[in-house]
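> Fold the following, please.
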Amino acid sequence: MEGHTSSITELAIVVVGALGCGLVMRYFRQPILLGYILAGAVLGPSGFGFVQSREQVQLLAELGVLMLLFFIGMELNLRDFRAVWKVAVLTTAFQIAVAFLGMYLLGLLLDWPLALTVVVGFVVALSSTAVAIKMLDEIGEKRTRVGNVTIGILIAQDLAVIPMILIIGAFRGDGGIGTLAIVKILLSVVFLGLMIAYLGKRKRVRLPFAREIGRNRELLPLAGLGFCFGAAALSGLLGLSASYGAFLAGLVIGNSTSRRAMIHYTEPIQTVLLMVFFLTIGLLIDIQYIWANLGTVVMLVFFVAVLKTALNIGLIRALGETWPRAFLSSVLLAQLGEFSFILAAQGLTVAAIDWESHRLLVAVTVISLLVSPVWLEAARRLHRIALLGITSGRETLRLTVGPEALALGRSRGLVNAWLARYRKPRRSKTGGDGAAASDASAE
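A predicted model of the protein is given here:
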């Protein structure tokens, strides 16, 4: 009983910490999920140690993964996606190919097994849907052509996650993939493609028992969870990933007449489970490991951000977008994504990667997410300098770090003014005492 009470206490502390960090991130107009990750890192084993083990929230985190894929499927607007599908699909395909090729060459140099090469290549290829959309909102580009192209690429990446999960899950103990697993993956991808094509062309479908469930608000959230977890269970029984089934269930509901009601009533559940998922990611972070390998982690984050930005600029520009649109969209996609955590965990489960590689991937992904708003702002300033044709080093420095320097100067001025105001009464008081003493002696 004492252990149970302790577990509840730890969970309560973490939830309150997540709320506090989420409010801090909202105050600074940053993605709230970064606050959840930060809360897990601060309160976890490598922080203050309020939670010593993540197993207590592991099941909820896995449910959060299913709900994440389920919700992405529900919110996927296939009709809007068709407007930018060419740029989105081709860019995503080249991203994955180049990431895999780069990791393959690196693997040859470092003698990596094929399984590790595949996992790292997949992780590097993905971007964060949540962070990118938040940044689009902040800069007012969500409804523009830049927003449409960026969101289209994110949707294509989300679709690509499904075969990625299936491929990583198919690796055997010796690092290879069996013939039966290859057949299952191909059939799954074909079935997913056919379903997307079918749902994208026809009107919204009607779910079984939609009328009966729709009349009872208490049954709607349960029905949504039933569709999600039922399809996930069926997919697992067929030897596929449970995530695959959850995504298909979301895709069907998202193109049904019950879409709006389902999203409305299941969103609070999804929000809580996703909070737990990102908290668990924070608990995974080993601050001592990051500090001991800070040079390697920072170098990899910078390398990935520069490589992905340059690659995406070239691809999006080659597919017909203007240079400014290609640049801004590419910078928004420079970070690693939340699905990178899922793929890394999947690789660890099937022994495709070891614990040391998993810690490195988690560290690089977290730092990449945390610095993505800074990377966006820095890249936008450099792009502005290039458009203005500025070659002066002093002017370049002024435009890149000028706003922060100006803010720092203002803060320093305020501090000095406050100190001067604080010292002035003391000087006047001393002066007054001195004057009184002189008067007394004169008398």
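> Mind listing what's buried along stretch 288-298?
289-290, 293, 297 (16 or more other Cβ atoms under 10 Å). Backbone N, C-alpha and C define where each C-beta goes, glycine included.
> same question, stretch 333-351
So, applying 16+ other Cβ under 10 Å, buried residues of stretch 333-351: 333-348, 350.
> try stretch 362-377
362-373, 375-377.
> Between all of those residues, which two are at the greatest distance?
The span of these, defined through Cβ to Cβ, is set by V362 and E377 at 25.0 Å.
> residues touching V15, list them.
Shown in contact with V15 (Cβ atoms under 8 Å, 6 or more residues apart in numbering): M275.
> Which pLDDT does the model give it?
Looking at V15, its pLDDT stands at 82.
> from the chain's centre, how far out does the strand or helix carrying it sit?
Per DSSP states H and E, V15 falls inside helix 2-27. On the basis of Cα atoms, centre = their mean, to the nearest Å, helix 2-27 sits 21 Å off its chain's mean C-alpha point.
> What are the buried residues along it?
10-11, 14-15, 17-18, 21-22, 25.
> Equivalent analysis for stretch 264-274, please.
By neighbour count on 16+ other Cβ under 10 Å, the buried set for stretch 264-274 is 265-267, 269-270, 273-274.
> contacting residues around that stretch?
33, 60-61, 63-64, 67-68, 70-71, 217, 220-221, 224-225.
> Filter the residues you listed down to the ones in helices?
Mapping those onto helices (DSSP state H) picks out 33, 60-61, 63-64, 67-68, 70-71, 220-221, 224-225.
> which one of the residues you listed has the most neighbours?
F70 (30 neighbours; other Cβ atoms under 10 Å).
> Could you pull up the residues touching that one?
Taking Cβ under 8 Å, 6+ apart as the test, what F70 contacts is 224, 227-228, 246-247, 249-250, 266, 270.
> mind running it again at 7 Å?
By Cβ atoms under 7 Å, 6 or more residues apart in numbering, the contact set of F70 is 228, 246-247, 249-250.
> Could you do V189 as well?
P163.
> Could you say which helix or strand holds it?
With DSSP H and E as the criterion, V189 is inside helix 179-201.
> again with L336
Short version, using DSSP H and E: L336 is in no helix or strand.
> Please name the nearest non-neighbouring residue to L34.
With Cβ to Cβ, 6 or more residues apart in numbering as the criterion, L34 has its nearest non-adjacent residue at 5.5 Å, and that residue is M25.
> correct me, but the one you found touches Y36?
No - proximity of M25 to Y36 does not meet the contact threshold set by Cβ atoms under 7 Å, at 8.6 Å.
> sorry, back to before: turn the buried residues of stretch 264-274 into CSV, including pLDDT and secondary structure.
Listed next are the buried residues of stretch 264-274 as CSV, based on pLDDT from 0 to 100; DSSP: H, G, I helix; E, B strand; the rest coil:
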residue, pLDDT, secondary structure
Y265, 84, helix
T266, 84, helix
E267, 82, helix
I269, 83, helix
Q270, 79, helix
L273, 79, helix
L274, 79, helix
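> what separates G44 from G337, distance-wise?
Going from G44 to G337 by Cβ to Cβ, to the nearest Å gives 21 Å.
> mind listing the strands for this protein?
In the chain, no strands are defined using DSSP state E.
> Listing request: residues of it with sub-threshold pLDDT.
1-7, 52-58, 60, 80, 172-178, 379-443 (pLDDT under 70).
> Now do the same contact list for H358.
So H358 contacts 344, 348 (Cβ under 7 Å, 6+ apart).
> What separation is there between it and A351?
11 Å.
> again with L90
L90 is 34 Å from A351, by Cβ to Cβ.
> Can you give me every residue that contacts L225?
So L225 contacts 266, 269 (Cβ under 7 Å, 6+ apart).
> where's it relative to V161, distance?
21 Å.
> how much space between the nearest residue to S372 once chain neighbours are set aside and F302?
Of all residues not flanking S372 in the chain, Q335 sits nearest, at 3.9 Å (Cβ to Cβ, 6+ apart). Here the distance between Q335 and F302 works out to 12 Å (Cβ to Cβ).
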